[in-house]
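Asker: With the input below, show me the fold.
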Amino acid sequence: MGTELDILRAEARRLMAAGLAAAAPWAAVSRALAAAPVSAPGPGGSYVILAIGRFAPAMAGAALSRLGPCETLVVTDAAAGEAPEGARVMIAGWPDSDAAGERAAAVVESALGGLGPEDRAVVLLSAGAAALVPAPAVGLRLADLLAAERMMRAAGAGAAEVALVRQQLSRFEGGGLVGLAAPAEVTVFVLADPAEGEDPRRIGGGMMSGPLGSRVTARALVELYGIWDRLPERLRRHLSQPAPGAAIAKTRMRIVGANALSVAAMAAAGARAFSRPLSGEPLELVHDIHAVAAGLAPGSAVAFGMEPMRDWPDPAGAADPADEGDAGGDVLMLRAPLVAGAAGPRHADLALRFACLARDRRLPAPWALLLSASDGGGADGKLPGVIVDSETLACMRLEGVDPDRVLERGGAGAVLEAAGAAFRTGPTGTDIGDLAVFVRG
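Answerer: Just a heads-up that it's a prediction; the model follows:
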């Protein structure tokens, strides 16, 4: 059955490649501009390109190739790729905002604030945008914004709640940045950050959309989590004042890369797209995948997206060797979208659990399951994913490895890598979360 399994594994890789290609920053922006070009500047006007995020250089390069030479500002992190010729590049701190980010924010503010009605602004956002251009509200400091966020997280606030409060402490977030561009026409292209999803009010902290809630709501949240009295006086004073009105720019926002779009691309390549993103605890996820796999017709495939979840559980309390250096906390697991980077141990755990469940439930062979992050493993080199099949457990036993024991003790990542189940994408230049594909022979 080896030859047939080789074919199934190759098919899973082909489908995954289609999903990853759909999220490539340069290609995604190029496709969007080709499908619906940005309107030309009016008399005396010009294009201005502003790209902010971890994948800003490639996105800006695609826009420049379509629009031609124009004023272009790129704000990204130190690990970003090479910037396009003619662009001004500013490097700022990510994931932790820093003074360089504040300086970049001031340049961004100047660039957008000088636009007129005949100008056309093209704004390109990707993961990390809000952190890269921190812009504390007038009278506040960067330390104030970061302290409020840290205190909210420590008190147990959710990501959306933290974002809502941040928006009320920022000049940019919650619609402030897009307001600066008025009266120019603004087109926004987004490579969706897995942590923010596709809600415009969350994308880039809502910089190009609007706030998640009011200042009154922000204060209520701070009080609800019991940190009001511990905030610096200037923060309490700021949240006690009414929010100023903001100018409105004519804006269009296009999601050009996202987990759901990658799943759709996998479907266009021959898989069936599962109707909803998968979520839940590991056992729930594995049983959901098995339920779909069991009902799949022979010779077909199904593609999944996955949603993020904090704190990957380690039932045995043992660290996976492939996870050394991961601080936990904000780690994410398979759901639709997911931050990749540290995905190896989580994917491996799910893949091995699935293989054991398929054995116990007698899932008809042959089959192959590929689980992968989308960012190529990140700078730390961790595995982006794993691929298991209907013979994986038998191969492990031939090597003297008990898969059930591995699940009990932890360390599935190292075991599956040794068994040849590692899946490496190579550099992808993108991060739209986790993808999965099951193929049945």
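Asker: and residue 398, how many neighbours?
Answerer: Using other C-beta atoms under 10 Å, residue 398 has 10 neighbouring residues. (Each C-beta comes from the backbone N, C-alpha and C, glycine too.)
Asker: what separates it from residue 391, distance-wise?
Answerer: 10 Å (C-beta to C-beta, to the nearest Å).
Asker: Next: residue 285.
Answerer: Taken as C-beta to C-beta, the span from residue 285 to residue 391 is 22 Å.
Asker: quick one, which of these two is more surrounded?
Answerer: Between residue 285 and residue 391, counted using other C-beta under 10 Å, residue 285 has the larger neighbour count: 23 against 17.
Asker: pretty sure that one is touching residue 277, no?
Answerer: No: the pair residue 285 / residue 277 is not scored as a contact, 10.8 Å apart, by C-beta atoms under 8 Å.
Asker: how about the most centrally placed residue in the chain, phi and psi?
Answerer: Among the residues of the chain, the one closest to the centroid is residue 194, at 2.5 Å (C-alpha atoms, centre = their mean). Phi and psi for residue 194, reported as degrees, to the nearest 10, are phi -50, psi -30.
Asker: That one touches residue 430, doesn't it?
Answerer: No: using C-beta under 8 Å, residue 194 is not in contact with residue 430; the gap is 10.6 Å.
Asker: Return every residue with contacts to both of these two.
Answerer: By C-beta atoms under 8 Å, 6 or more residues apart in numbering, residue 194 and residue 430 have no common neighbours.
Asker: how about whichever helix or strand residue 30 is part of: buried residues?
Answerer: Following DSSP states H and E, the helix or strand that holds residue 30 is helix 25-35. Under the neighbour-count criterion of 16 or more other C-beta atoms under 10 Å, helix 25-35 has 25-30, 32-33 buried.
Asker: so which of these comes closest to residue 357?
Answerer: residue 28 (35.5 Å; C-beta to C-beta).
Asker: Do a quick rundown of the strands in the stretch 251-400 of the chain.
Answerer: 272-273, 301-305, 367-372, 385-389 (DSSP state E, counting those that start in this stretch).
Asker: Just give me the longest helix of this protein.
Answerer: If you go by DSSP state H, the chain has its longest helix at helix 2-22.
Asker: Which strands or helices does it pack on?
Answerer: In this structure, helix 2-22 packs against helix 259-268, strand 301-305, strand 367-372, strand 385-389, strand 435-440, with contacts taken as 3 or more C-beta pairs under 8 Å, 6 or more residues apart in numbering; DSSP states H and E.
Asker: can you put the ones you listed in TSV and add mean pLDDT?
Answerer: TSV is the format used below for the helices and strands packed on helix 2-22 (pLDDT from 0 to 100):
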stretch	mean pLDDT
helix 259-268	95
strand 301-305	94
strand 367-372	96
strand 385-389	94
strand 435-440	96
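Asker: can you put these in a markdown table and add distance to residue 175 and mean neighbour count?
Answerer: Shown next, in a markdown table, are these (distance: least, C-beta to C-beta, whole Å; neighbours: other C-beta atoms under 10 Å):
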| stretch | distance to residue 175 | mean neighbour count |
| --- | --- | --- |
| helix 259-268 | 24 | 22 |
| strand 301-305 | 28 | 26 |
| strand 367-372 | 35 | 28 |
| strand 385-389 | 37 | 27 |
| strand 435-440 | 32 | 28 |
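Asker: Adding distance to residue 207, write these out as JSON lines.
Answerer: Formatted as JSON lines, those follow (distance: least, C-beta to C-beta, whole Å):
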{"stretch": "helix 259-268", "distance to residue 207": "21"}
{"stretch": "strand 301-305", "distance to residue 207": "25"}
{"stretch": "strand 367-372", "distance to residue 207": "30"}
{"stretch": "strand 385-389", "distance to residue 207": "32"}
{"stretch": "strand 435-440", "distance to residue 207": "27"}
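Asker: closest to residue 419 out of those?
Answerer: Using C-beta to C-beta, these put strand 385-389 closest to residue 419, at 8.7 Å.
Asker: now the residue lying closest to residue 221 once chain neighbours are set aside: how far from residue 168?
Answerer: Leaving aside its chain neighbours, residue 221 sits nearest to residue 161 (5.4 Å; criterion: C-beta to C-beta, 6 or more residues apart in numbering). Distance, residue 161 to residue 168, by C-beta to C-beta: 12 Å.
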